[in-house]
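[1] the sequence isn't on hand, but the structure is:
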């Protein structure tokens, strides 16, 4: 197995070290945003950056510091909004300005804090609002009879 592939499937201690290194890298980027005058009037910036970091780490499946097409696909499916291959390529292009096939953490934060409404940003914001609203029912749906149908 090549080095890149073996990293992807490591568990235990190696995986923990990889996650810790990634967390430090993202925290460093967050500090850059906190010191950036451009975002000085952004309210709740530290809380937002912490939430962005957690969400990004959840979907950076290979811990490489980038969200690739497959990670984005899993992310959209998990959020309940599956997209076609072409739609996801457009989403990545929208976030990166067309210069990359992967979404870096900087691109992700710029998108979430930016004024433009990228599709991915709308999905992420929708997911946040959906989680805050009423909890989804669990278990089997209630039984219905023919009289209750529309």
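    Received, thanks. Computed from a predicted model, the values in this text were never measured in an experiment.
[2] verify the stated contact: residue 109 with residue 52.
    Yes: assessed by C-beta atoms under 8 Å, residue 109 is found in contact with residue 52 at 5.5 Å. For every residue, glycine as well, the C-beta is placed using N, CA and C.
[3] least confident secondary structure element in the protein?
    One helix or strand of the chain scores below all others by mean pLDDT, DSSP states H and E: helix 3-8, with a mean of 46.
[4] list the buried residues of the strand or helix carrying residue 52.
    Taking DSSP states H and E as the definition, residue 52 sits inside helix 45-59. Of all the residues in helix 45-59, those buried under the rule 16 or more other C-beta atoms under 10 Å are 45, 48-49, 52-53, 55-57, 59.
[5] what's the answer for stretch 100-116, then?
    102-105, 107-113.
[6] now swap in stretch 13-21 and tell me
    For stretch 13-21, a neighbour-count test (16+ other C-beta under 10 Å) marks residue 18 as buried.
[7] just checking, what packs against the longest helix along the chain?
    Identified as the longest helix of the chain according to DSSP state H is helix 12-35. Where contact means 3 or more C-beta pairs under 8 Å, 6 or more residues apart in numbering; DSSP states H and E, helix 12-35 is packed against helix 45-59, helix 105-113.
[8] for residue 60, see how far away residue 67 is.
    Residue 67 sits 6 Å away from residue 60, going by C-beta to C-beta, to the nearest Å.
[9] what of residue 85?
    20 Å.
[10] the two: who's more crowded?
    More neighbours surround residue 60 than the other of residue 85 and residue 60, with 23 against 9 (other C-beta atoms under 10 Å).
[11] surely the more buried one meets residue 19?
    No: using C-beta under 8 Å as the test, residue 60 is too far from residue 19 to be in contact (9.7 Å).
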